[in-house]
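S.K.: this one's sequence-less:
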């Protein structure tokens, strides 16, 4: 599993100290939006050093590239993680029905974090589809009424 430690300690330019309370989050973050940013800010408040795992299929100190969806005891031990956070607006089980946060829950280090934002990737996709549909209809309606379409 590649990490940015093998590249650079990029956000704060430092590795975590032995006394740091390390917070770990993971997600796809494929269409990064304000809800993601708010979630990361809230998760960062729970500790001294934030590690973000970027899932394969879908403000940061370290990125775990190709992070597995399941947060295992190995990941927790390897990165000396104190808290594992998950957003409150995401599924809590994988497609097989397994809980990917079983290990941190068993250890008592799991926290659900509310970003305070109702923005989701699904809402962005819905908006794009809705506006695309309207954009294609509007020029046709304008043509029928004799007016020209102009972008807002």
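M.R.: Everything's here; your move. Quantities reported herein were computed from a predicted structural model and do not represent experimental measurements. Numbers count the residues shown, from 1 in each chain.
S.K.: use CA for all of it now, contacts and neighbours both
M.R.: Noted.
S.K.: So in terms of bridging, what pairs with residue 52?
M.R.: residue 25, residue 63 (DSSP bridges).
S.K.: again, but for residue 111
M.R.: Applying DSSP bridges, one finds that residue 111 bridges with residue 85.
S.K.: For it, give me the pLDDT.
M.R.: pLDDT for residue 111: 93.
S.K.: Counting neighbours, what do you get for the residue nearest to residue 109 when sequence neighbours are not counted?
M.R.: Take residue 109 and drop its neighbours on the chain: the residue closest to it by Cα to Cα, 6 or more residues apart in numbering is residue 83, 4.8 Å away. A count of nearby residues for residue 83, using other Cα atoms under 10 Å, gives 22.
S.K.: Give me the distance between residue 83 and residue 54.
M.R.: Distance, residue 83 to residue 54, by Cα to Cα, to the nearest Å: 17 Å.
S.K.: go on, residue 86?
M.R.: As for residue 86, its distance to residue 54 is 13 Å (criterion: Cα to Cα).
S.K.: Report the set of residues contacting both of these two.
M.R.: residue 26 (Cα atoms under 8 Å, 6 or more residues apart in numbering).
S.K.: so the residue nearest to residue 109 touches residue 112, yeah?
M.R.: No. In this structure residue 83 lies outside contact range of residue 112 using Cα atoms under 8 Å: 10.2 Å.
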